[in-house]
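J.: got a structure for you, letters missing:
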Ligand SMILES: *Cc1c(COP(=O)(O)O)cnc(C)c1O
């Protein structure tokens, strides 16, 4: 089922098919504008956006405060590299320390790059080689991040990848126990698995993971690329478990759509790292850091972490009331459900003005802007109920 697009849209879709490497299977729509939780196509048709650029547009599209701050910085200074000091980068690191409890930071430009940095730092800080990741994991598409990503289809064509990597069953402490040893540099996990279909880690599992760390001396990397910045109803996914990972990777919502990523580490990990061991040309530039600072300011002033928790509960409750929906799960505004024929629901919803996305043939994921309100959720439920 596809939307029949007329005129200009058809023209752009045709041009895309000739000009771009065909890595993406896109929905049949050309978006030109966004405002709050809403997107607009070329014909002015309005859509409620429950994808938010894949959990990225946390404060909504075109937030006035974000636009003002980023525009001011754009006019002052965009980029000078890390050969010099710049103010927004220092301010952002201090702010992140306050909201995350991690001690020191490094900035890059995407989630995969953050994971790369985390893996390199783990090897350097431990002088060990082995990584353990989990079934269902997704950590990105670069060679290192891909090495700890579970899906064979993503990995196979690019082997040999980083070794040794072992995959333990997610939320199964006995399986993990069998795989960790004195050669393990780090265990990497998502506190809520996103691409797998929104599956939170168990409290007991996380507790035991930290016990194993103390026993074997490996590091724990939390990949918070998708769960960070209020998505789950806490500032970070780790906060649901009351733990401090050794390394935390961040990106997606960090700049509310502006590309920026980073890692936070403990003082102890930072003390094992030396100059020139890692770097990025664009990472931490004044414009990206200002976008992230503006994002965090809006999350704080509009109490969006609380809104994520409250609206997440409301959304899950409403989803539970729908026929043909099962296994409603998630934390805050990171929600997964099971349905029959998810791709068909995605394209039908789009036609009706609702932007959603599926993580498999039978599961849908909802990661709307954290500013979403009850009326907008009701609008989504009405459309989902009518399909
Ligand atoms: C999206 C994602 C990544 C990769 O981020 P990119 O910015 O696409 O490189 C890594 N880890 C998790 C958990 C993600 O959801």
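T.: Sure thing, it's come through. Since the structure is predicted, the reported quantities are computational estimates derived from the model, not experimental observations. Numbering: from 1, shown residues only.
J.: got the domain ranges for this structure?
T.: Per automatic domain parsing, the structural domains of the chain span 9-59+303-386, 66-301.
J.: among these, which is the most enclosed?
T.: For the domains of the chain, average neighbour numbers computed from mean count of other Cβ atoms under 10 Å are highest in domain 66-301, which has a mean of 20. C-beta coordinates here come from the backbone N, C-alpha and C atoms, glycine included.
J.: which among the domains of the chain is found nearest to the ligand?
T.: Among those, the nearest to the ligand by Cβ to the nearest ligand atom is domain 66-301 (2.1 Å).
J.: gap between the two ends of that closest one?
T.: Separation of the first and last residues of domain 66-301 by Cα to Cα, to the nearest Å is 12 Å.
J.: give me the contact status of that domain with the ligand.
T.: Yes: Domain 66-301 lies within reach of the ligand by Cβ under 6 Å from any ligand atom, at 110-112, 115, 138-140, 190, 194-195, 223, 225-226, 251-252.
J.: now the two most distant members of these.
T.: Using Cβ to Cβ, these reach their maximum pairwise distance at 110 and 190, which is 15.9 Å.
J.: tell me where the stretch 101-250 of the chain has strands.
T.: Secondary structure of the stretch 101-250 of the chain by DSSP state E, counting those that start in this stretch: the strands cover 104-108, 130-134, 165-168, 184-189, 192-193, 199-200, 219-223, 247-250.
J.: for the last one, which outside residues touch it?
T.: Think strand 247-250. By Cβ atoms under 8 Å, 6 or more residues apart in numbering, the residues outside strand 247-250 that reach it are 96, 100, 102, 111, 114-115, 117-118, 121-122, 139, 186, 219-225, 228-229, 236, 238, 261-266, 269.
J.: after that strand, which helix or strand is next?
T.: Next helix or strand after strand 247-250 toward the C-terminus (DSSP states H and E): strand 261-265.
J.: tell me how far that following strand lies from the chain's centre.
T.: Computed by Cα atoms, centre = their mean, to the nearest Å, the chain-centroid distance of strand 261-265 equals 13 Å.
J.: picking up where we left off before, got the strands of the stretch 101-250 of the chain as CSV, with mean pLDDT columns?
T.: Formatted as CSV, the strands of the stretch 101-250 of the chain follow (pLDDT from 0 to 100):
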stretch, mean pLDDT
strand 104-108, 98
strand 130-134, 98
strand 165-168, 98
strand 184-189, 98
strand 192-193, 98
strand 199-200, 98
strand 219-223, 99
strand 247-250, 99
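J.: can you pull the contacts of the residue nearest the centre of the chain?
T.: In the chain, the centroid-proximal residue (Cα atoms, centre = their mean) is residue 226; its distance is 1.9 Å. Neighbour list for residue 226: 54, 55, 111, 190, 192, 194, 195, 252, 334, 367 [criterion: Cβ under 8 Å, 6+ apart].
J.: again with residue 132
T.: 165, 166, 167, 168, 176, 179, 180, 184, 186, 187, 188, 218.
J.: leaving aside the residues next to it on the chain, what's closest to it?
T.: Among residues not flanking residue 132 along the chain, residue 187 sits closest, at 4.6 Å (Cβ to Cβ, 6 or more residues apart in numbering).
J.: correct me if wrong: that neighbour contacts residue 180.
T.: Yes: taking contacts as Cβ atoms under 8 Å, residue 187 lies within contact range of residue 180: 6.9 Å.
J.: give me the common contacts of these two.
T.: What both residue 187 and residue 180 touch, as defined by Cβ under 8 Å, 6+ apart, is the set 132, 212, 218.
J.: out of the contacts of residue 226, which sit inside helices?
T.: Counted as lying in helices by DSSP state H, out of these, are 54, 55, 111.
J.: could you dump those into CSV and include distance to residue 244 and pLDDT?
T.: What follows is the ones in helices among the contacts of residue 226, written out as CSV (distance: Cβ to Cβ, whole Å; pLDDT from 0 to 100):
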residue, distance to residue 244, pLDDT
54, 27, 98
55, 23, 98
111, 21, 98
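J.: and which of these is nearest residue 329?
T.: Looking across the ones in helices among the contacts of residue 226 and measuring by Cβ to Cβ, the closest to residue 329 is residue 55, at 15.6 Å.
J.: I figured residue 309 hits residue 332, correct?
T.: Yes: with contacts counted by Cβ under 8 Å, residue 309 reaches residue 332, the gap being 5.3 Å.
J.: show me the common contact partners of these two, please.
T.: Counting by Cβ under 8 Å, 6+ apart, the contacts common to residue 309 and residue 332 are 233, 234.
J.: for stretch 142-153, measure first residue to last.
T.: By Cα to Cα, the extent of stretch 142-153 from end to end equals 14 Å.
J.: typo on my end, stretch 356-373
T.: End-to-end distance of stretch 356-373: 17 Å, with Cα to Cα as the criterion.
J.: determine how far that stretch lies from the middle of the whole chain.
T.: Distance of stretch 356-373 from its chain centroid, counting by Cα atoms, centre = their mean, is 13 Å.
J.: got it, and stretch 301-315?
T.: How far stretch 301-315 lies from its chain's middle: 17 Å, per Cα atoms, centre = their mean.
J.: what sits up against that stretch?
T.: Defining contact as Cβ under 8 Å, 6+ apart, one finds that stretch 301-315 is touched by 58-59, 230-235, 298-299, 330-335, 366, 370-374, 377, 380.
J.: which of these fall within helices?
T.: Using DSSP H, those in helices are 298, 299, 374, 377, 380.
J.: dump these into JSON lines; add distance to residue 78 as well.
T.: Output for the ones in helices among the contacts of stretch 301-315, formatted as JSON lines (distance: Cβ to Cβ, whole Å):
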{"residue": "298", "distance to residue 78": "21"}
{"residue": "299", "distance to residue 78": "24"}
{"residue": "374", "distance to residue 78": "39"}
{"residue": "377", "distance to residue 78": "38"}
{"residue": "380", "distance to residue 78": "37"}
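J.: name the SS class of residue 316, please.
T.: Recorded secondary structure, residue 316: helix (DSSP: H, G, I helix; E, B strand; the rest coil).
J.: for it, what are its contacts?
T.: Contacts of residue 316 (Cβ under 8 Å, 6+ apart): 328, 329, 330, 335.
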